[in-house]
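Participant: sequence and predicted structure, then a few things I'm wondering about:
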Amino acid sequence: MADNQVDGVNTASASAASNVIRKKLQGYVGFANLPNQVHRKSVKKGFQFTTMVVGESGLGKSTLVNTLFSTQLYPNKVVAEPSHETPKTVDIQSITADIEENGVRLRLTVVDTPGFGDFVNNEESWKPILDNIESRFDAYLEQENRVNRTKLVDNRIHACIYFIAPTGHALKPLDVEFMRRLHTRVNLIPVIAKSDTMTEEEVHAFKERILDDINFHNIQIFQAPQYEYDDAETIAENREIMSKIPFAIVGSDKEVEIEGGRMVRGRKYPWGVIEVDNEDHCDFVKLRQMLIRTHMEELKEYTNNFLYENYRSEKLSAMGIQQDPTVFKEVNPVQKMEEERLAHETKLSKMEAEMKMVFQAKVQEKEAKLKQSEEELYARHKEMKEALERQRQELEEKKKRLESGRPLTPEKSKKKGFSFNK
Ligand SMILES: Nc1nc2c(ncn2[C@@H]2O[C@H](COP(=O)(O)OP(=O)(O)OP(=O)(O)O)[C@@H](O)[C@H]2O)c(=O)[nH]1
């Protein structure tokens with residue numbers, strides 16, 4: 001076949017590495033269209049993403065979500081009547097909305113955590129949030145273990161935007177504790193809230209201190225993976241995004257007028273306007289780019305392949321379920337066939353030996369019976385011979401008496417017949 005020609009340059013190294021040889025196509029086959037098939041299918045199916053927002057009250061969480069997705073996902077807030085009944089724990093609330101852009105549908109779920117950091121004692125504020133994340137993993141695990149797994153509902157949290165108060169100092173113990181407890185369960189994306197309240201230099205210095213704290217406490221925040229097939233432009237784009245973490249953000253879902261009469265999303269101050277979508281003013285664009293345009297699938301994949309997978313194996317091992325390593329043993333089909341043939345032959349020879357033993361036992365039994373009947377026959381034959389001999393002698397005796405004229409004895413005159421043993 002023409003397309004079986006081997007590409008000499010790559011073959012040696014490729015086959016050495018994985019026994020896969022590269023082939024040169026002689027004509028158009030059509031699998032270059034596979035990405036388009038996936039694209040069509042995905043668009044038809046729609047996308048789904050669940051993000052969590054965590055931060056102290058009033059840091060601009062709802063404003064940011066509305067700004068991110070350019071929609072009033074959070075309804076305008078009604079300022080609640082002051083109440084003496086303050087909640088005792090962090091609440092977990094989720095809002096789901098179907099949004100559409102250029103025919104692509106996205107089911108977006110935002111999980112809010114009102115009450116976080118709002119209590120006098122916030123020591124355990126992270127706990128209800130961790131419990132919620134893990135219960136979502138449990139729900140997914142339960143579905144995976146069902147007999148019918150055709151319709152898996154994925155409510156796992158794919159990203160957690162953690163709002164850091166713009167104090168300009170360093171991370172607070174509450175921030176450290178939260179991130180330390182949660183980083184193995186969720187993709188953490190730290191952001192500096194309301195960064196318009198700080199100068200550019202302050203933001204820069206604050207970012208450095210936050211990153212130092214994160215490194216010091218060995219906290220794992222979301223890092224975009226790099227692939228060898230990424231082009232230089234993508235790699236540079238990813239580096240640029242990652243260099244902005246923690247993103248200094250400004251949220252506003254209102255439009256304000258800037259010089260020249262143009263309307264922009266931003267916050268208006270007596271000294272000017274902070275534009276949300278202007279990269280010179282804040283990192284909002286970079287956050288949106290990472291979360292929605294470039295890394296949404298990456299966040300979902302990391303959640304499924306690492307965070308959930310780790311949780312799942314921890315949970316199953318805690319329940320005493322062990323992985324059977326032989327399941328993953330590589331099998332050589334020729335060797336396997338040879339092993340099976342040997343096992344079959346051993347079984348056959350064992351059966352043959354057993355049958356021989358049974359046959360021998362039966363033959364011996366038959367021989368013993370025949371011998372016994374032979375002996376019996378011989379004994380009867382001997383008995384009959386002796387009886388006949390006795391009769392012959394009696395008759396001889398009678399004959400002699402008659403010939404000599406002697407009378408037969410009375411008892412002997414009685415008629416007597418042959419008697420045979422039966
Ligand atoms: N300066 C400034 N103010 C903001 C920003 N984002 C939101 N705000 C304002 O901060 C206030 C609180 O914003 P929300 O979005 O309601 O904050 P939240 O974190 O959702 O608050 P809770 O629902 O109480 O947890 C509102 O008055 C917003 O207009 C920002 O980036 N900069």
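Facilitator: Cool, got the structure.

Participant: need the nearest residue in space to the residue of the stretch 1-150 of the chain found nearest the ligand, chain neighbours excluded.
Facilitator: Nearest residue of the stretch 1-150 of the chain to the ligand: residue 60, at 2.8 Å (Cβ to the nearest ligand atom). Heads up, the C-betas are built off the backbone N, CA and C, glycines and all. Distances taken as Cβ to Cβ, 6 or more residues apart in numbering place residue 251 nearest to residue 60, at 4.7 Å, with adjacent residues excluded.

Participant: surely that neighbour meets residue 282?
Facilitator: No: in this structure residue 251 lies outside contact range of residue 282 using Cβ atoms under 8 Å: 9.3 Å.

Participant: and the helices in the stretch 251-400 of the chain, which stretches?
Facilitator: For the stretch 251-400 of the chain, the helices defined by DSSP state H, counting those that start in this stretch occupy 284-288, 296-302, 309-318, 333-404.

Participant: anything in the first one near the ligand?
Facilitator: Read it as helix 284-288. No: counting by Cβ under 6 Å from any ligand atom, the ligand is not contacted by helix 284-288; separation bottoms out at 8.6 Å.

Participant: now do the residue in the stretch 101-250 of the chain positioned nearest to the ligand against residue 36, distance only.
Facilitator: As assessed by Cβ to the nearest ligand atom, the ligand sits closest to residue 194 within the stretch 101-250 of the chain, at 3.7 Å. Residue 194 is 43 Å from residue 36, where distance means Cβ to Cβ, to the nearest Å.

Participant: the two: who's more crowded?
Facilitator: Taking neighbours as other Cβ atoms under 10 Å, residue 194 and residue 36 compare with residue 194 leading, 21 against 9.

Participant: got the contact list for that one?
Facilitator: By Cβ atoms under 8 Å, 6 or more residues apart in numbering, the contact set of residue 194 is 59-60, 166, 249-251.

Participant: repeat the analysis, applying 7 Å as the threshold.
Facilitator: For residue 194, the contact set (Cβ atoms under 7 Å, 6 or more residues apart in numbering) comprises 59-60, 166.

Participant: center of this structure, which residue is that?
Facilitator: For the chain, the residue nearest the mean C-alpha position is residue 309 (6.1 Å; Cα atoms, centre = their mean).

Participant: let me know the pLDDT of that one.
Facilitator: Note on residue 309: pLDDT of 94.

Participant: name the residue of the stretch 251-400 of the chain that lies nearest to the ligand.
Facilitator: residue 251 (3.8 Å).

Participant: correct me, but the residue nearest to residue 60 touches residue 62?
Facilitator: No: counting by Cβ atoms under 7 Å, residue 251 stays clear of residue 62, with 8.6 Å between them.

Participant: so for those two, which sits in the more crowded spot?
Facilitator: residue 251 (24 against 21).

Participant: all strands for this structure, in order.
Facilitator: For the chain, strands defined by DSSP state E occupy the ranges 47-54, 93-101, 104-112, 159-164, 188-192, 247-248, 255-257, 263-269, 272-275.

Participant: the ligand contacts on the protein?
Facilitator: Counting by Cβ under 6 Å from any ligand atom, the chain sits next to the ligand at 57-63, 77, 114, 194, 196-197, 250-251, 267.

Participant: nearest to residue 378 among those?
Facilitator: Proximity of these to residue 378 (Cβ to Cβ) peaks at residue 114, which lies at 111.8 Å.

Participant: how about the contacts made by the closest one?
Facilitator: Contacts of residue 114 by Cβ under 7 Å, 6+ apart are 57, 91, 93.

Participant: residues near the first one, how many?
Facilitator: Put plainly, it is residue 57. Using other Cβ under 10 Å, residue 57 has 10 other residues around it.

Participant: and the closest residue to it other than its chain neighbours, how many neighbours does it have?
Facilitator: Nearest non-adjacent residue to residue 57, counting by Cβ to Cβ, 6+ apart: residue 118, 5.1 Å away. Counted with other Cβ under 10 Å, residues neighbouring residue 118 total 14.

Participant: surely residue 118 and residue 58 touch.
Facilitator: No: with contacts counted by Cβ under 7 Å, residue 118 stays clear of residue 58, the gap being 9.3 Å.

Participant: may I see the domains of the protein written out as residue ranges?
Facilitator: Residue ranges for the domains of the chain, per automatic domain parsing: 35-77+86-330, 337-413.
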